[in-house]
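Asks: let me see the structure of the following:
(chains A and B)
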Amino acid sequence: MDISINGAKILFTIENVPIFGTIHITQTVVVSYLVMAIITGLCIWLGSGLKVTGISRKQAVAELAVTSLIRFVRGNMGPGFDRYIPLVGTIFITSVISNLISVLGIWSPTADLMTELGWALVVFVVITYHKIKSAGIGGYFKSFLDPIFVMAPVNLLSELFTPISMACRHFGNILSGTVISALIYGALTAASHGLLTLIGESPVIAAVVIASGVGLILNSKQKKKKLPFVGGVICVALGVLSLLTNLGGIFTEIPWLAVGIPAVTSFYFDWFGGCIQAFIFCTLTTIFIKQAAGE
Amino acid sequence: MNTLYQSLVAVEPFTLIVTILNLFLQLYLIKKFLLDKVMAVLDQRREAADKQIREAEQAKQDAQEIRQSYESHMAQVKQEAGQIIHSAQKTAQDRSEQILRQAQAQASQIKEKAALDIAQEKKKAMNDAKNEISDMAMAIAGKVVGRCMDQQDQQHLVDEFIRELGDDL
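Replies: Numbering: from 1, shown residues only, chains lettered A, B, ... in the order given. Sure, this is the predicted structure:
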């Protein structure tokens, strides 16, 4: 079977736009507005009806989120960088929501390199601003000749690769999650068809599998062990599914093994990886800005 | 219609620019609807807490001042009370001594006056007696001169004299 992994779906193509030439309106753009709507709605909901005393549970959550953000930025950058709290918070929440929206089966904007590159470029501008501010414009250009002028190209590249590496790190992780999810899904579908067809080829084999499963379940009931019980359930399920598959009709089409199992990998790559990458991106943002400011 | 896909890693300037603009728009929206509001509330709460702490400290200070002034006041009152009692005692003592002295003085005065009176009475009595005696002598002398007295008459006279004396006494 074919497994194709593509970039964002192109929804519209607008030809002959001045400056840009051909513009592709992709899923990334559309979903990023959806993400923005979700975040803004969340913010309006959390930010409404705030009180100084006698706060609601909702406000406690809002305050916890804001104070965590403030603590994160101050912890990484120290005091004096409070004006970057909104930027870091925005990148973090946008990244998390963008990563997690793939759980709903919607295209994740962070699976498009341009999204992360946009954020990284903004961070790069801030970094460069702080470098020039702390060293002066001459000092900034002189820093490329450090330690000797021969190193200038290397220094220039390392400077330019800061945003690119930031963007690619985030993008790569999300992409790898997408790729591995697709691979596992494809593999499980193939395995499902292969295995179930094989077992269900003759009803006798299916019956034997079911019988052994029932035997394992009964045995585990007597000995009160969990592992044989699970094995028995799996055997019974396999046998029943094999029979159903060979009955034909709609049951043949359903990739049974792909139900449930990809959720485990999805949990790691979409949920855990998604949150971790957002966190790493923000940590790098704060640390790079702090380094650039030379404090 | 044929579905078109971008390649896995596609460079699309339009998406890039939209993303950057979206980031700033999102930043503004988050700041306006959540961050600013929550921070304002947090600041207000911190101010309220600071104010309460300040007020509590002020109240404590006030209470301490009141206590101090009360204590010093009490000490003063105690001292005054002691002084009053002391002075009252002293006054009473003075007064009793004075009364005693006065009584003594009066008593001695009365005694002196009594003694004077006695002396005067005595003197008066003596004078009276003297007058009586001289009168009597005059009378006796007159009688002696008025009659020629014989032995008998003389005897008689002496008897009469004694009798008169006895009558007077």
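Asks: so is the helix or strand where A:T13 lies next to chain B?
Replies: Using DSSP states H and E, A:T13 sits within strand A:9-17. Yes - judged by Cβ under 8 Å from any Cβ of the partner chain, strand A:9-17 and chain B are in contact via A:9-10, A:13. Heads up, the C-betas are built off the backbone N, CA and C, glycines and all.
Asks: which among the residues you listed end up buried?
Replies: Buried by 16 or more other Cβ atoms under 10 Å in any protein chain shown: A:I10, out of those.
Asks: want to throw the residues of strand A:9-17 next to chain B into a markdown table with pLDDT?
Replies: Shown next, in a markdown table, are the residues of strand A:9-17 next to chain B (pLDDT from 0 to 100):
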| residue | pLDDT |
| --- | --- |
| A:K9 | 79 |
| A:I10 | 80 |
| A:T13 | 80 |
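Asks: out of the residues of strand A:9-17 next to chain B, which comes closest to chain B?
Replies: Distance to chain B across the residues of strand A:9-17 next to chain B (Cβ to the nearest Cβ) is lowest for A:I10, with 4.2 Å.
Asks: just list the residues touching the residue lying closest to the closest one once chain neighbours are set aside, thanks.
Replies: Nearest in space to A:I10, with sequence neighbours left out and distances taken as Cβ to Cβ, 6 or more residues apart in numbering or on different chains, is B:L4 at 4.2 Å. The contact partners of B:L4, taken as Cβ atoms under 8 Å, 6 or more residues apart in numbering or on different chains, are A:9-10, A:13.
Asks: close to chain A, is the lengthiest helix in chain B?
Replies: With secondary structure taken from DSSP state H, chain B has its longest helix at helix B:36-146. Yes - Helix B:36-146 lies within reach of chain A by Cβ under 8 Å from any Cβ, at B:37-42, B:44-45, B:48.
Asks: what's the following helix or strand after that helix?
Replies: By DSSP H and E, the next helix or strand past helix B:36-146 is helix B:151-168.
Asks: tell me, how many residues neighbour residue 154?
Replies: Since you didn't name a chain, this refers to chain A. A:V154 is flanked by 10 other residues according to other Cβ atoms under 10 Å in any protein chain shown.
Asks: sorry, I should have been clearer: chain B.
Replies: Residues near B:Q154, counting by other Cβ under 10 Å, number 12.
Asks: pull the contacting residues for the nearest residue to A:I101 once chain neighbours are set aside.
Replies: Excluding its sequence neighbours, the residue lying closest to A:I101 (Cβ to Cβ, 6+ apart) is A:S108, at 5.8 Å. A:S108 is in contact with A:31, A:98-99, A:101-102, A:174, A:178, counting by Cβ under 8 Å, 6+ apart.
Asks: what average pLDDT does stretch A:229-241 get?
Replies: Averaging pLDDT along stretch A:229-241 gives 79.
Asks: now stretch A:26-34
Replies: In this model, stretch A:26-34 has a mean pLDDT of 89.
Asks: and the stretch 51-200 of chain A, which residues reach chain B?
Replies: A:51-53, A:59, A:62-63, A:66-67, A:85-87, A:89-91, A:93-94, A:109, A:112-115, A:117-119, A:121-122, A:171, A:175.
Asks: now, those residues that are in helices?
Replies: A:59, A:62-63, A:66-67, A:85-87, A:89-91, A:93-94, A:113-115, A:117-119, A:121-122, A:171, A:175.
Asks: tilt between the longest helix of chain B and helix B:151-168?
Replies: 160 degrees (axes from the mean of the first three to the mean of the last three Cα atoms, to 10 degrees).
Asks: quick check, the residue in the stretch 151-295 of chain A closest to chain B?
Replies: Counting by Cβ to the nearest Cβ, the stretch 151-295 of chain A gets nearest chain B through A:L175, at 7.2 Å.
Asks: nearest spatial neighbour of that residue, skipping sequence neighbours?
Replies: Per Cβ to Cβ, 6+ apart, closest to A:L175 is A:A111, 5.9 Å.
Asks: correct me, but the one you found touches A:N6?
Replies: No - judged on Cβ atoms under 8 Å, A:A111 makes no contact with A:N6 at a distance of 10.1 Å.
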